[in-house]
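Asks: Have a look at this fold, sequence not included:
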Ligand SMILES: Nc1ncnc2c1ncn2[C@@H]1O[C@H](COP(=O)(O)O)[C@@H](OP(=O)(O)O)[C@H]1O
Ligand SMILES: [Mg+2]
């Protein structure tokens, strides 16, 4: 007999316990899936933007944790990039041609860095969509566990967790930016990059230079370990442009800003964004604007876009449109990146590329 004269039926107790277990399972399944299962929710890993759709089970991810893992991934990928370069065995090959007919190169540095970066992020955040420049070989998986430590510099800048729905997140990985220059042993241009977009908006960016071991990171409305310089020349800007996918960029720049303008040809979209910032690395050139006129892929530009945005700068197409980091891999409208300038006034100055046929 139970207290107060209530009889407990064994069947009733069993049903009650089962219901309790069901509720507990529901509460914790998102948590467990988000942290321990590698591919349970995210589907099969794969390269390119045709990757798996994120789960729709209401799981959330903490952007501050994503930043910590993104920094780690960029650094660990960078170690592979450096190791392959120092071995001098690059296994260089062409993935095909760009629209302009340049070789789209790939090396062992790209492949091995991609493997580290992809699996670190995928293991830590199995339910988010990851788009990466290189193909991920599912037969050659690597489970790399994150020790769940958030570095002090991140904790200092971002005091609280920043939870967002996992299904709103798209991660973009560039395991080796400036592959062309990497094959030419022009090491200063090479970076590894991770970007996190939420609902297509770039919110978190990491650009790492493996050969000088410098890392810049920033989170929109969060914090950063890098800042803008104190002054920029808006009238006669130094303009950093592509050295290997330049198209008509020099003509466009000189036509817009005059013949006194200095053009700095450089490799890598990551390097060119860092040229706009206050970066202590000695090998880093400085510029006032970054302009690109040919087609470019989202993994090349998302991290730089997030960092610039977090610091109050802008990266848009040449006609001033914001870039959405979901869906297709690439953008057609060229790029204009600036900070501490009147970005819309710069857009108005630029010629309409479609009309001028550049
Ligand atoms: N027209 C184009 N087509 C395809 N990729 C392009 C491109 N222009 C630039 N890119 C890519 O954007 C990055 C920066 O280019 P650049 O150094 O010429 O400024 C490079 O990335 P990867 O080195 O990661 O392939 C390059 O391949
Ligand atoms: Mg790139």
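Replies: That came in fine, so what should we check first? Every value quoted in this text rests on a predicted model; they were computed, and no experiment measured them. Residues are numbered from 1 along each chain as shown. Ligands and ions are numbered 1, 2, ... in the order given.

Asks: check which helix or strand covers residue 250.
Replies: Applying DSSP states H and E as the criterion places residue 250 in helix 249-257.

Asks: what does that helix rub up against?
Replies: The list of residues contacting helix 249-257 from outside it, by C-beta atoms under 8 Å, 6 or more residues apart in numbering, reads 236-237, 239, 241-242, 261, 263, 291-294, 349-351, 353, 358. Any C-beta I mention is one placed from the backbone N, CA and C, and that applies to glycine too.

Asks: which stretches of the stretch 251-358 of the chain form helices?
Replies: Secondary structure of the stretch 251-358 of the chain (DSSP state H, counting those that start in this stretch): helices located at 269-274, 298-310, 343-349, 353-356.

Asks: residues from the stretch 101-250 of the chain in reach of ligand 2?
Replies: 174, 177 (C-beta under 5 Å from the ion).

Asks: Output the set of residues of the stretch 101-250 of the chain in proximity to ligand 1.
Replies: 133, 174, 177, 178, 179, 180, 242, 244, 245 (C-beta under 6 Å from any ligand atom).

Asks: In TSV: the residues you listed, plus secondary structure.
Replies: Compiled in TSV, those are given as follows (DSSP: H, G, I helix; E, B strand; the rest coil):
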residue	secondary structure
133	coil
174	strand
177	strand
178	coil
179	helix
180	helix
242	strand
244	coil
245	coil
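
Asks: Quick check on these: which are buried?
Replies: Buried members of those, counted by 16 or more other C-beta atoms under 10 Å: 133, 174, 177, 178, 179, 180, 242, 244, 245.

Asks: shouldn't the third one be in contact with residue 193?
Replies: Pointing back at residue 177 there. Yes: between residue 177 and residue 193 there is a contact under C-beta atoms under 8 Å: 5.8 Å.

Asks: Residues in contact with both of those two, list them for me.
Replies: Between them, residue 177 and residue 193 share the contacting residues 270, 300, judged by C-beta under 8 Å, 6+ apart.

Asks: Please point out which parts of the helix holding residue 250 sit buried.
Replies: Those would be 249, 250, 252, 253, 255, 256, 257, for helix 249-257 by 16+ other C-beta under 10 Å.

Asks: which SS state does residue 72 fall under?
Replies: Residue 72 ends up helix, using three-state DSSP.

Asks: which phi and psi does residue 230 have?
Replies: phi -80, psi -30 (degrees, to the nearest 10).

Asks: Tell me the spacing between the residue most central in space within the chain and ligand 1.
Replies: The centre of the chain sits closest to residue 195, judged by C-alpha atoms, centre = their mean, with a distance of 2.0 Å. The spacing between residue 195 and ligand 1, counted by C-beta to the nearest ligand atom, to the nearest Å, is 13 Å.

Asks: Can you name the residues that contact residue 170?
Replies: 128, 129, 130, 131, 196, 197, 200, 325, 326.

Asks: is it true that it lies in a strand?
Replies: Yes: according to three-state DSSP, residue 170 belongs to a strand.

Asks: Check the gap between it and residue 129 for me.
Replies: 5 Å (C-beta to C-beta, to the nearest Å).

Asks: Residue 68 too?
Replies: In terms of C-beta to C-beta, residue 68 sits 19 Å off from residue 129.

Asks: how about the residues of the stretch 251-358 of the chain near ligand 1?
Replies: Neighbours of ligand 1 within the stretch 251-358 of the chain, by C-beta under 6 Å from any ligand atom: 267, 268, 269, 294, 295, 296, 297, 300.

Asks: among the residues you listed, which ones are buried?
Replies: 267, 268, 269, 294, 295, 296, 297, 300.

Asks: I'd like the residues you listed laid out as a markdown table, including pLDDT.
Replies: Putting these into a markdown table (pLDDT from 0 to 100) gives the following:
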| residue | pLDDT |
| --- | --- |
| 267 | 98 |
| 268 | 98 |
| 269 | 98 |
| 294 | 95 |
| 295 | 96 |
| 296 | 97 |
| 297 | 97 |
| 300 | 98 |
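
Asks: Inside strands: which ones of these?
Replies: If you go by DSSP state E, those have 296, 297 in strands.

Asks: Which of the helices or strands spans the nearest residue to residue 210 once chain neighbours are set aside?
Replies: Once flanking residues are discounted, residue 210 sits nearest to residue 78: 3.2 Å by C-beta to C-beta, 6 or more residues apart in numbering. Following DSSP H and E, one finds residue 78 within helix 63-87.
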